[in-house]
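In: Got a predicted structure here, sequence first:
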Amino acid sequence: MSSFVFITGALTNADKETRGLYQKIAKMIKPYATKVYKPGDEKFSTSQGRYQRGMERVKNSDLIIAVVNYPSTGQGFELQEAFRLKVPVIAVAKMGLKTSSMITGAPFTSFIYYQNEKDLKEKLTKELGRYSR
């Protein structure tokens, strides 16, 4: 599997459940990745530092998992850069939440809608199997 996985997602607009989901996904994919970064891993003193780090992570990623439960302009920047660089993206969204049509219309490697954490783990594990070497 990919050695460097970058989990992207909203921070400003995300609810507590979604913020906790980033950590849970990191644990789910641990067997498939050497290094995992997720939203909130670091604090930045400047917006420029945050932007530069996000773009650097996209550039160095083998795979991106995008939690798209809530709109995020920053995540949109990261995903557009991933598409430009042809970094594979798996987007995940909880069933029943309205996702951005810009995200659902984008050329993702795959899009997973999940009902609960167990369902997400099953679907994500199956999808990650496609990337195993």
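Out: Cool, the structure landed. Since the structure is predicted, the reported quantities are computational estimates derived from the model, not experimental observations.

In: For the rest of this, base every contact and every neighbour count on C-alpha atoms.
Out: Noted.

In: Straight-line length of stretch 56-69, end to end?
Out: Distance across stretch 56-69, first residue to last, is 23 Å (Cα to Cα, to the nearest Å).

In: List the buried residues of it.
Out: 57-59, 61-69 (16 or more other Cα atoms under 10 Å).

In: Then stretch 10-25?
Out: 10-11, 14, 18-19, 22-23, 25.

In: circling back: which of the buried residues of stretch 56-69 fall in strands?
Out: Those of the buried residues of stretch 56-69 mapping onto strands are 63-67, per DSSP state E.

In: Can you pick out the most distant pair from those?
Out: Spatial extent of those (Cα to Cα) is set by the pair 63 and 67 at 13.1 Å.

In: Report all helices and strands that the one helix or strand residue 118 maps to contacts.
Out: Element membership for residue 118, per DSSP states H and E: helix 117-128. For helix 117-128, the elements it packs on are helix 16-29, strand 110-114, judged by 3 or more Cα pairs under 8 Å, 6 or more residues apart in numbering; DSSP states H and E.

In: tell me the two of the buried residues of stretch 56-69 that are most distant?
Out: Among the buried residues of stretch 56-69, 59 and 69 lie farthest apart (Cα to Cα), at 23.3 Å.

In: Please work out the average pLDDT along stretch 12-27.
Out: Mean pLDDT, computed over stretch 12-27, is 87.

In: Distance from that stretch to the middle of the chain?
Out: Stretch 12-27 sits 11 Å away from the centroid of its parent chain (Cα atoms, centre = their mean, to the nearest Å).

In: Which residues outside it are in contact with it?
Out: With Cα atoms under 8 Å, 6 or more residues apart in numbering as the test, stretch 12-27 has contacts from 7, 9, 11, 36-39, 67, 69-72, 121.
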